[in-house]
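In: Return atomic coordinates for the entry below.
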Amino acid sequence: VVGYQKAYRLACKAGQRLNEAEFEEMNFLPRGTMARLKPHCEVLDHLAHYRSLPCEEPTLYFIFRGAVAQLEEHRRSRSGKLHAEVKGFTGRGKKRLRARFTPGHVVGKTAFFVGKEGLVDSKVLPMHQVSSRVSGYAEVWALKRSKWDELTPDLKSILQDLMLFQLADDRQHALLIE
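Out: Residues are numbered from 1 along each chain as shown. Just a heads-up that it's a prediction; the model follows:
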């Protein structure tokens with residue numbers, strides 16, 4: 001088992017923190033990438049279960065501890081005038097779990113890159129909430145869209161490659177569970 005794989009297992013099973021070097025190795029990033037990124041991020045640590053991640057502006061959330069649930073809220077208008085029940089919205093607060101992201105993942109990709117230009121209706125974007133399944137609390141780094149222009153071109157390129165890699169991985173996982 002490769003070092004980051006063992007660290008990932010401990011992060012998911014025992015709630016340990018994935019360190020920056022392990023995050024980089026897991027995502028095929030050059031060493032030192034996360035150290036370069038950190039000054040541009042807000043570190044959100046000890047986030048309690050069920051806490052919604054801030055969404056005032058499009059933000060990428062890099063997960064180091066715990067997990068983030070991607071939820072879809074039930075909107076009355078979805079079922080139309082028939083008032084038909086929509087499957088899957090029976091849980092906590094009429095929300096449906098779309099995905100759960102564990103340490104080493106990044107959430108908020110669609111809103112961050114496509115939402116900036118208003119190409120996506122904010123009402124259809126999922127909400128992100130700290131999951132109770134992986135750790136006692138979560139630690140994420142938040143990179144706000146307003147900070148993106150402060151990044152060097154090479155760091156932007158590295159992060160764009162990371163987002164493409166993770167989008168492809170997300171899609172592959174979605175196909176496996178269908």
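In: center of this structure, which residue is that?
Out: V107 (1.9 Å; Cα atoms, centre = their mean).
In: after the helix or strand of the chain with the lowest mean pLDDT comes which helix or strand?
Out: When the helices and strands of the chain are compared on mean pLDDT, DSSP states H and E, strand 95-101 comes out lowest with a mean of 81. Downstream of strand 95-101, the first helix or strand assigned by DSSP states H and E is strand 106-107.
In: Report all helices and strands that that next one contacts.
Out: Using 3 or more Cβ pairs under 8 Å, 6 or more residues apart in numbering; DSSP states H and E, the elements in contact with strand 106-107 are strand 59-65, helix 153-177. Just so you know, the C-beta spots here come from the backbone N, C-alpha and C atoms, and that holds for glycine as well.
In: Keeping just the C-alphas, turn the first one into PDB.
Out: Backbone C-alpha positions of strand 59-65 (Å, rounded to 0.1, in the frame of the first residue of the first chain) are rendered in PDB as follows:
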ATOM      1  CA  THR A  59     -15.800  28.700  -3.500                       C
ATOM      2  CA  LEU A  60     -13.600  25.600  -3.900                       C
ATOM      3  CA  TYR A  61     -13.400  23.600  -0.700                       C
ATOM      4  CA  PHE A  62     -10.300  21.400  -0.300                       C
ATOM      5  CA  ILE A  63     -11.100  18.600   2.200                       C
ATOM      6  CA  PHE A  64      -8.400  17.500   4.700                       C
ATOM      7  CA  ARG A  65     -10.500  16.000   7.500                       C
END
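In: Now tell me what touches the helix or strand that that strand is followed by from outside.
Out: Using DSSP H and E, the helix or strand that follows strand 59-65 towards the C-terminus is strand 68-73. Here strand 68-73 makes contact (Cβ atoms under 8 Å, 6 or more residues apart in numbering) with 53, 61, 93-101, 105, 107, 126-131, 138, 140.
In: Those residues, buried ones only, as a PyMOL selection?
Out: To isolate the buried members of the contacts of strand 68-73 in PyMOL, using 16 or more other Cβ atoms under 10 Å:
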select buried, resi 53+61+95+96+99+101+105+107+126+128+129+130+131+138+140
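In: highest average neighbour count across the helices and strands packed on strand 106-107?
Out: strand 59-65 (a mean of 23; mean count of other Cβ atoms under 10 Å).
In: Could you pull up the mean pLDDT of it?
Out: Across strand 59-65, pLDDT averages out at 94.
In: Report the inter-axis angle for it versus helix 153-177.
Out: 70 degrees (axes from the mean of the first three to the mean of the last three Cα atoms, to 10 degrees).
In: quick one: the least confident helix or strand of the chain to strand 68-73, angle?
Out: Between the axes of strand 95-101 and strand 68-73, defined by the same axes, to 10 degrees, the angle is 150 degrees.
In: Show me what strand 95-101 is packed against.
Out: strand 68-73.
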